[in-house]
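>>> Sequence first, then the predicted structure, then my questions.
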Amino acid sequence: MIILIGASLLLALLFLWFFIKASRKGQFTDIYTPSVRILFDDEIKSTTSASKENEKHS
Amino acid sequence: MKGNTIDESDIQTEVDVKCTHCGLPCVEQPVVKNENRFCCQGCAAVYHLLNQNDLCQYYDNEKGLKPETTDVSEFEFLDEKESSSKFVVFSQGNSVQYRFFIPGMHCNSCIYLLERLERLNPGINSSRVDFFNKELLVTVDQSSVKLSEIVVLLFHLGYKPDLTLSNLSGVKKRKYSERSVKIGIAGFAFGNIMMLSFPEYLGLSLDASSFVLKRWFDYISLVLALPVLFYCSTEFFESSFKAIRQKTLNIDLPVMIAVVATFLRSLYELFVNHQSGYFDSMTGIVFLLLVGRYFQDLTYHSLTFDRDYKSYFPLSARLLSSRNQIKVVNIHQLKRDDIIELRNGELVPADSTVVSPFITVDYSFITGESIPVALSLGEKVYAGAKIAGNTAQLKLMTDTDNSRLVKLWSVEKTKDEKEDSLTENINYYFTLGLLLISAFAFIYQYQVNGVGEAFKSLTSVLIVACPCILLLATNFANGHLLRSLKENGLFVKNKQTINQLRKCDTIVFDKTGTLTDNSHYIIEDSTNLNSSEKQKMGLVCHQSIHPYSVALSKVYYTYSPDKTLNAFTDIAGKGLQGEVDGLLIRLGSAKFIGAESSKEAQNSGVIHVEIDGVYCGYFELRHDIRNETKSILEALKVQNYDLYLSSGDTELNQEIDRNWFNKVFIKQQPEDKVALIKSLKKEGKVVCMAGDGLNDAPALKEADIAISVADNTSSFFPACDVLIKAEQLGKLPTLLKFVNAAKWVIIISFVFSLLYNVIGLYFAITAQLSPLIAAILMPSSSMTMLVLTWVLTVGIKISYKLK
């Protein structure tokens, strides 16, 4: 029983840690731009630069 | 880039043509290129640039921004390390990331274009937009592109980065990410403690073995609550201690007491009574309050951004060193007695004396008066003057830090602080009252229901009563109002001004630039020139940037390749001359032409013409009154405003009807205008002065509200509370009505928040409200307030048919 509680707490802590890490990286500072960015079609010409950009930011 | 490929012969004249780039109507002759019409060369250049790079998807949603014409050398100072370092986020080898604040960013198309900068300049590796903060992060290869080039590119596209002195002094700190971590931890603790408290909630009867387990649950809850107390709620502690140190109280103090009281009470329950504590309530309070603050901050964030109206400061200057070498320096580094060189169109950063033999400046930046003034060696030039014509050398009389331009800004800042102190006062008394009520509730409940209920009502009272809702009511209402006004072209400095506007019952108008339109002249032709001579004269006028010449060339200049101009000279402050087809054409003041004997010699708006030594008469130029003038004045009269006109001119335009006003004053000196306002104020009236010039500046200062009419929002207007865009002037009466009606929004929301507080306190004192519910109620009431004020404001706005 005690082990189960410990396990659940550990799991929750793990998610908390992920959350803190993401928010320190600035994932929640701008929540509007990504929603727009995804909607622009990549034109043929820009494919190279767009993929370059993706690599950098993923 | 420069748009020199545009064929000038394609120029056409049509009236209601809209610019393909910026969507604004083309006032002057549109520039035509590839069957697209543009209002100016700048727009055409941007379109051309985007078209070449296949970026025309930009126009799918909205039109572009009209670029301002700029001189590339203006930004050279940015390449110096001291200036550029303020924009650098990080640098590694050749790769540097810069951060810019771009207030003009407003729609999805902006994001589209700004994230594709790498296609416009190969030196840019990538660019990312942070739309929420209106920031642009640009990663560049330092060896192939300079900071100034990026800034120039942004300028050309119409996205003017904010390079002002205040923003140069460092990038703003961000609390948001820190707060979201706190919210995360508090939420985590809150959720888990609730899970562990489930047996308690369900009221299960426990046998011996489950009792041991429950003790474990309680101890784990304690451990989970510790980071919430010591990390997440630190901002409440810090702010309340700071307030106590300054010998005042603020709203964070009751919150702190509530949190600490609940925690201590829980420890007591846990270790002395061997019961579960109230850790769920404690963490819940902190979590919900933090979430509430987060949303509150989001709102304030958007409101403060809306309050920034464009400032326009000079940033760099060309310093002339002792060895006659020119160095571009940041404006901060200028000292007294430095000699600087300014080119056409640049602003004088501080009061100085003229070193060049002869210069012309225009004070339109400060005064709205666009006719240049001639100054000679040794005369004084005031800060804010714009150099017109030849390059000028000036010697500074003060350091730039002490200059009037900088001072004007610091004056405004102290006004803002005053506003804060008012808020603090309300905070102080409310908090004090709240502490007394909670003490009363505690004692009352202790005597009637015992210690448990007493603690419960203490914490509920402290949390449910929220002065912020009282403050927020007015803040939100005014914030929405300011934003709506801004959308309609009326920029109001702060909340106090809105209150003043409601009380205002008298409006004094200045004529020039306020009721008249400075950008348009009526030209009365009293010459005996034939049309071909006029065309030749137009060619001469076309070379000069003096407003009169521009006005004349607009009418008389037509492009013809077979005519050439020789021996052109522009004698600043006097006139111009040039040779066309062998004819020497001279235009200018009576003195310049030698026509002092003519009766119109005294009037300022008169241009005399001489061809080959023969006097040919004169043109008289007058400002036209604005189209809307009549309707505005009539509407204001219906709204029971007392209207006065105070003009410095010797006679009125014939288009102005004296019956529009209660009284008309002419030949007014600046002191007379001040005296008029003073006497009106003595009669107990709240006076609003609408003016735009240096001659109005003292009167604007004296008036309760100063309104400036701006033909161009990037101009700098000292001592004005309200700025209205010239093209929106017609809406002024409606906007004033709107401001008055919006008073009801504040009254309604104030009553609402008062009711909320009274009802909440009643339940809290009688211990019918658990602290947790109180903590939910508090932020949700703020949200309700936000929605309420918004709905009311929009409702009123629609009823007045405003944007």
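Right, received. Where do you want to start? Computed from a prediction, not measured in an experiment: that's the story for all the values here.
>>> Around B:Val272, count how many other residues there are.
Using other C-beta atoms under 10 Å in any protein chain shown, B:Val272 is surrounded by 8 other residues. Just so you know, the C-beta spots here come from the backbone N, C-alpha and C atoms, and that holds for glycine as well.
>>> Check A:Phe18 too.
A:Phe18 has 11 nearby residues by other C-beta under 10 Å.
>>> Just say helix, strand or coil for the residue of the stretch 351-500 of chain B found nearest chain A.
Proximity of the stretch 351-500 of chain B to chain A (C-beta to the nearest C-beta) peaks at B:Arg483, 17.6 Å away. Judged by DSSP: H, G, I helix; E, B strand; the rest coil, the three-state class of B:Arg483 is helix.
>>> residues near it, how many?
Around B:Arg483 there are 17 residues (other C-beta under 10 Å).
>>> before we move on, what about the one 5 residues further on?
Look at B:Asn488: counted by other C-beta under 10 Å, it has 20 neighbours.
>>> for B:Ile523, same thing?
With other C-beta under 10 Å as criterion, B:Ile523 counts 18.
>>> tell me the secondary structure for it?
B:Ile523 is classified as strand under three-state DSSP.
>>> Thought B:His623 was touching it, still the case?
No - between B:Ile523 and B:His623 there is no contact under C-beta atoms under 8 Å: 11.2 Å.
>>> Secondary structure element holding B:His623?
strand B:614-625 (DSSP states H and E).
>>> any idea of the mean pLDDT in that strand?
The average pLDDT within strand B:614-625 is 78.
>>> same thing with stretch B:81-95?
77.
>>> End to end on it, go ahead and measure it.
15 Å (C-alpha to C-alpha, to the nearest Å).
>>> Over to stretch B:191-206?
End-to-end for stretch B:191-206, by C-alpha to C-alpha: 23 Å.
>>> thinking again about what came up before, residues of the strand holding B:His623 that come out buried?
Within strand B:614-625, the residues that count as buried by 16 or more other C-beta atoms under 10 Å in any protein chain shown are B:Tyr615, B:Cys616, B:Gly617, B:Tyr618, B:Phe619, B:Leu621, B:Arg622, B:His623, B:Asp624, B:Ile625.
>>> and if you look at stretch B:440-460?
B:441-442, B:444-446, B:453-460.
>>> Likewise for stretch B:256-276?
Buried residues in stretch B:256-276, counted by 16+ other C-beta under 10 Å: B:Met256, B:Ile257, B:Ala258, B:Val259, B:Ala261, B:Thr262, B:Phe263, B:Arg265, B:Ser266, B:Glu269, B:Leu270, B:Ser276.
>>> so does stretch B:142-158 get close to chain A?
No - Stretch B:142-158 stays clear of chain A (C-beta under 8 Å from any C-beta of the partner chain), getting no nearer than 15.7 Å.
>>> Enumerate the residues of the stretch 51-200 of chain B near chain A.
So far as C-beta under 8 Å from any C-beta goes, the stretch 51-200 of chain B lies against chain A at B:54, B:57, B:108, B:111-112, B:115-116, B:118-119, B:126, B:128-133, B:174, B:176-177, B:180-181, B:184-185, B:188, B:191-192.
>>> Show me the residues you listed that map onto strands.
Of these, the ones assigned to strands by DSSP state E are B:Ser126, B:Arg128, B:Val129, B:Asp130.
>>> Of the residues you listed, which is the most crowded?
B:Val129 leads these on contacts (other C-beta under 10 Å) with 24 neighbours.
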